[in-house]
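Colleague: Got a predicted structure here, sequence first:
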Amino acid sequence: MKEDIRERVKRVLKEKFTDSTKQLEIKDDTPLFGIGVGVDSVATLEFVIALENEFQISIDEGEIKPEILATVDTISEFIATHFLKK
């Protein structure tokens, strides 16, 4: 299930940051701050909204922290543990 989450997060990244990610292979541990995530509050907000839409979740503003948005792995772990519990 986590692999599916990772692939969906990567797809959202590529859709939201097309110019930055066009030639970039995004690995699970690629630092995302270098490709546009977290560069400014607007880019971060747009990315979080895209994640909310993709996963049909609602992320509280207080949960949006740089360490959570650091890599595909950290985002996937956050989504899996906070929203996809069984």
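Modeller: Perfect, I can see it now.
Colleague: got a list of contacts for the helix or strand encompassing residue 6?
Modeller: Here residue 6 is covered by helix 2-16, with elements defined by DSSP states H and E. Residues from elsewhere that reach helix 2-16, judged by CB atoms under 8 Å, 6 or more residues apart in numbering: 21, 26, 28, 32, 35-37, 43, 46-47, 50-51, 54-55, 72-73, 75-77, 79-80, 84. Every C-beta, even on glycine, is put in place using the N, C-alpha and C of the backbone.
Colleague: Would you mark the buried spots in it?
Modeller: Neighbour counts over helix 2-16 (16 or more other CB atoms under 10 Å) mark 5, 6, 8, 9, 10, 12, 13, 16 as buried.
Colleague: Closest one of the residues you listed to residue 68?
Modeller: Using CB to CB, the shortest approach to residue 68 within the buried residues of helix 2-16 belongs to residue 9, at 11.6 Å.
Colleague: hang on, isn't residue 51 packed against residue 57?
Modeller: Yes - at 7.4 Å, residue 51 counts as touching residue 57 under the criterion of CB atoms under 8 Å.
Colleague: Looking at these two, which has the bigger crowd around it?
Modeller: For the pair residue 51 and residue 57, the greater number of neighbours falls to residue 51 (21 against 12), based on other CB atoms under 10 Å.
Colleague: ok, that one - contacts?
Modeller: Counting by CB under 8 Å, 6+ apart, residue 51 touches 9, 12, 57, 59, 75, 79.
Colleague: Let me know the pLDDT of the second one.
Modeller: Per-residue confidence for residue 12 comes out at a pLDDT of 92.
Colleague: what is in contact with residue 51 and residue 57 at once?
Modeller: residue 79.
Colleague: Format the contacts of residue 51 as a markdown table; extra columns: distance to residue 67.
Modeller: As requested, the contacts of residue 51 are exported to a markdown table (distance: CB to CB, whole Å):
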| residue | distance to residue 67 |
| --- | --- |
| 9 | 15 |
| 12 | 19 |
| 57 | 19 |
| 59 | 14 |
| 75 | 10 |
| 79 | 14 |
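Colleague: ok, these vs residue 66, which is closest?
Modeller: For these, the nearest to residue 66 is residue 75 (11.5 Å; CB to CB).
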